[in-house]
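1. let me see the structure of the following:
(one chain, ligands or ions: 1)
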Amino acid sequence: MCVMARYYIEGGARLHGEIKIHGAKNAVLPVLAGTLLMDECTIHNCPALTDVTAACNILGHLGCKAQYSGGSVTTKTENVQNFEIPDDLMREMRSSVLFLGAIVARCGRARVSLPGGCELGPRPIDMHLSSLQKLRVEISEDHGYLDCRVNGKLRGAVISMPFPSVGATENIMLAACTAEGDTVIHNAAREPEIQDLAGFLNAAGAKITIGENGTVYIKGVEKLRSTQYSVIPDRIAAATYLCCAAITGGSIVLHGVIPGHLNAVLPILEETGCTIRVKYDTIELTAPERLKPARMIRTMPYPGFPTDSQSPMMALSCVADGTSVFVENIFESRYKHAAELTRMGAKIKVEGRVAVVEGVESLHGATVFCTDLRGGAALVTAALKANGKSEIAQISHIERGYQDFDKNLSLLGAMIVKR
Ligand code: EPZ
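-> Purely as a prediction, here's the structure:
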């Protein structure tokens, strides 16, 4: 039986140095789904992540060629003949539901197994389904599978989202860009990854514009043409490395970032006493010896504080000189990492969507288990500061979303080994 790899970390090293940030996982996944809408495509700045592999496996299962090499994925879709995503592939990655709109648009049919719950709570897909139904997709449930079909062509519609769901917004864009007529999405998600998906689809001939208030306007076109596209850098990975540097009292430079994408994160890091210098595509952070607490962190849809940065920010709050209050407004249960941080000596009280973190002088190393992608990154962040050795288990969660996480941290001077 293969023993799952673990990270072994000796805390105490201040991080110093410079790294380049990889392409955004949450941009490349919907873009890969969008490659179904054109014959050929090459996506650049594609991170080497297990979620990207999972998306390429789905494309392969549908009959596409999806080749990853040297940071780019090339797709050929002329042989698409399947419209079903089987259970095992759906369970491999919760965001496989992003393929639904593109498969229906390409094949007129789609059959996917209901995505299981996930580590962040139930994560329903009601908004995905109700929006697709407005585009004339008929959806029925059949033994744990969703059977979707459209008689004739998809037709544009005016859709008002009850909540600015990122995935549901992306599913609508993918289904509507080759539908008959126009689609408007009110209260759409406004994450940079939405803009990036629109940029990719427009490069292939779609007609998508996004208004000042985030409303998405789509004019349906007959077909999309082959194209090449480079996705944006990963703002969440960037924020995570900044938290790693901050907790260790270090000083690092991140290259290849879009600083504006971190407008809600940088001020919170400054509140903890870090000095931030921003240039065109770099962010430099220098941390104080002891962090001050960030008093209140409320996660919100973009441009608010990103839920994906909540757990790394909680890790650094554990050793701040005071108390921090977190309110997790996006996901139902996104504090599973708190129990693991407590094993390292953190003082955290969780009550529903609220977590109160009372900063302590120091954490101690422990063996801890990753509960989800960003929660796992938080455990690494804390272990970099903890006195003594830590073992981080179930790091497959982390490798879904951080390319070369241990290598980059080693480059910055962390004492971390993967084996
Ligand atoms: C995307 O997830 C990201 N994933 C998440 O990143 C990110 O945390 C999230 O957006 C919020 O920014 C990808 O882009 C692949 P949502 P998504 O639909 O699309 C509820 C990471 O760590 N909801 O905006 O699933 C849902 O349960 C991941 O990289 C419904 O109720 O997020 C959640 O509570 C984690 N019904 C809230 O809305 C629906 O139909 C936000 O979900 C859809 C969503």
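2. ok, and what's touching stretch 129-140?
-> 100-101, 104, 146-152, 154-157, 159, 161, 168, 171-172, 175-176, 179, 183, 185 (C-beta atoms under 8 Å, 6 or more residues apart in numbering). C-beta: built from backbone N, CA, C; applies to glycine.
3. going through the residues you listed, which ones are buried?
-> Among the contacts of stretch 129-140, those classed as buried by 16 or more other C-beta atoms under 10 Å are 100-101, 104, 146, 148-150, 154-157, 159, 161, 168, 171-172, 175-176, 179, 183, 185.
4. quick check, pLDDT for Arg91.
-> With respect to pLDDT, Arg91 scores 85.
5. same deal with Glu141?
-> Confidence score, pLDDT, at Glu141: 88.
6. what do you get for Gly388?
-> pLDDT, Gly388: 98.
7. so what's it up against?
-> 10-11, 364-365.
8. now tabulate the residues you listed in JSON lines and tack on pLDDT.
-> Below are the contacts of Gly388 laid out as JSON lines (pLDDT from 0 to 100):
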{"residue": "Glu10", "pLDDT": "98"}
{"residue": "Gly11", "pLDDT": "98"}
{"residue": "His364", "pLDDT": "98"}
{"residue": "Gly365", "pLDDT": "98"}
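9. buried subset of those residues as a ChimeraX selection?
-> Buried members of the contacts of Gly388 can be picked out in ChimeraX with the line below, counting by 16+ other C-beta under 10 Å:
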select :10,11,365
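10. now the two most distant members of the contacts of Gly388.
-> Maximum pairwise distance in the contacts of Gly388, criterion C-beta to C-beta, is 12.3 Å, between Glu10 and His364.
11. one step back: ok, and which of the buried ones among the contacts of stretch 129-140 reach the ligand?
-> By C-beta under 6 Å from any ligand atom, the members of those lying near the ligand are Ala168.
12. now for the lowest-mean-pLDDT helix or strand in the chain, which elements pack on it?
-> In the chain, no helix or strand scores lower on mean pLDDT, DSSP states H and E than helix 87-92, which sits at a mean of 87. On a contact count with 3 or more C-beta pairs under 8 Å, 6 or more residues apart in numbering; DSSP states H and E, helix 87-92 meets helix 50-62, strand 109-113.
13. for Val319, find the nearest of these.
-> helix 50-62 (30.2 Å).
14. for the closest one, give me every contacting residue.
-> 25, 28-29, 32-33, 35-36, 46, 66, 68, 73, 75, 77, 80-83, 85-86, 89, 92-93, 95-96, 99, 103, 396, 399-401.
15. just the buried residues out of the residues you listed, in PyMOL syntax.
-> Here is the PyMOL selection string for the buried members of these, based on 16+ other C-beta under 10 Å:
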select buried, resi 25+28+29+32+33+35+36+46+66+73+75+77+82+83+85+89+92+93+95+96+99+103+399+400+401
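16. among the contacts of helix 50-62, which are in helices?
-> Of the contacts of helix 50-62, the ones assigned to helices by DSSP state H are 25, 28-29, 32-33, 89, 92, 99, 103, 396, 399.
17. buried residues, stretch 212-231. List them.
-> 214, 216, 218, 220-221, 224, 227, 229-231.
18. widest-spaced pair of the residues you listed?
-> Applying C-beta to C-beta across the buried residues of stretch 212-231, the maximum distance is between Gly220 and Ser230, 25.8 Å.
19. doesn't Met314 lie inside a helix?
-> Yes. Assessed with DSSP: H, G, I helix; E, B strand; the rest coil, Met314 lies in a helix.
20. count of neighbours near Asn57?
-> For Asn57, the neighbour count with other C-beta atoms under 10 Å is 17.
21. how close does it get to Leu89?
-> 6 Å (C-beta to C-beta, to the nearest Å).
22. distance of the residue in the stretch 101-250 of the chain that the ligand sits nearest to relative to Met415?
-> Closest residue of the stretch 101-250 of the chain to the ligand, C-beta to the nearest ligand atom: Gly167 (2.8 Å). With distances taken as C-beta to C-beta, Gly167 is found 38 Å from Met415.
23. looking at these two, which is more packed in?
-> Taking other C-beta under 10 Å, Gly167 and Met415 do not tie; Gly167 has more neighbours (21 against 15).
24. for the closest residue to that one other than its chain neighbours, give me its contacts.
-> Nearest residue to Gly167, sequence neighbours excluded (C-beta to C-beta, 6 or more residues apart in numbering): Leu98, at 5.8 Å. By C-beta under 8 Å, 6+ apart, Leu98 lies in contact with 29-30, 33, 167, 170-171, 174.
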